[in-house]
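K.L.:
Give the three-dimensional model of this entry:
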Amino acid sequence: MTNSERATTVVPQQALFLMNSPMAIDVARAIMMSPEIVKDSNSRHKVYYIYLTVFQRAPTAEETDRALKFIGYESEQDGEVQSEAKAMIEKSAKKADERAKRQGKERENGSAAVENQGKLVERKPLTPWESYTHALLMSNEASYVN
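P.N.:
Sure, this is the predicted structure:
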């Protein structure tokens, strides 16, 4: 299907809503769980498969290098970048656990708001790979892939 005209957004809040929506994050996680990416330990191959999925094309050499730099590979401070990312993930996981405990106590004593009972989806911090995939999904190029 061809698209002769590009749709424009009316307000920036539309892009922010999509960027922060659980659906967009779930799509990024689903891409990272695809068999081609999970089974391949080579970082360059992972970037290649992500680009094939998101943009339907192979990445350029420069795009691959930028991706690996974003992830934290191929940098002089690789260990430092990885430890900072790990610390951020641990901090976010700790906050999520505390929030879950607090909500559990509120439910037990009856002070919690009425909620719809639905499927519980665990919301944990994105890994560097998932963050990169999410960033690509939010790019202008991904919006207009035919």
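K.L.:
so where do the helices sit in the protein?
P.N.:
Chain-ordered helices for the chain, with DSSP state H as the definition, fall at 12-20, 22-32, 35-39, 43-55, 61-71, 78-109, 128-137, 140-143.
K.L.:
How about the fourth one, which residues are buried there?
P.N.:
Of the residues in helix 43-55, 46-51, 53-55 count as buried by neighbour count, 16 or more other CB atoms under 10 Å. For glycine as for every other residue, the C-beta is placed from the backbone atoms N, C-alpha and C.
K.L.:
same thing with the third one?
P.N.:
Within helix 35-39, the residues that qualify as buried are Ile37, counting by 16+ other CB under 10 Å.
K.L.:
That one packs against which elements?
P.N.:
Using 3 or more CB pairs under 8 Å, 6 or more residues apart in numbering; DSSP states H and E as the contact criterion, the elements in contact with helix 35-39 are helix 43-55.
K.L.:
now do the second one
P.N.:
For helix 22-32, the helices and strands in contact under the criterion 3+ CB pairs under 8 Å, 6+ apart are helix 43-55, helix 128-137.
K.L.:
got the CA positions of the longest one in PDB?
P.N.:
What it means is helix 43-55. Extracted in PDB, the C-alpha atoms of helix 43-55 (Å, rounded to 0.1, in the frame of the first residue of the first chain):
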ATOM      1  CA  SER A  43      26.200  -7.700  18.500                       C
ATOM      2  CA  ARG A  44      26.600  -6.600  14.800                       C
ATOM      3  CA  HIS A  45      24.200  -9.300  13.700                       C
ATOM      4  CA  LYS A  46      21.700  -8.200  16.300                       C
ATOM      5  CA  VAL A  47      21.800  -4.600  15.000                       C
ATOM      6  CA  TYR A  48      21.400  -6.000  11.500                       C
ATOM      7  CA  TYR A  49      18.200  -8.000  12.500                       C
ATOM      8  CA  ILE A  50      16.800  -5.000  14.400                       C
ATOM      9  CA  TYR A  51      17.200  -2.800  11.300                       C
ATOM     10  CA  LEU A  52      15.600  -5.500   9.100                       C
ATOM     11  CA  THR A  53      12.600  -5.700  11.400                       C
ATOM     12  CA  VAL A  54      12.100  -2.000  12.100                       C
ATOM     13  CA  PHE A  55      13.200  -0.400   8.800                       C
END
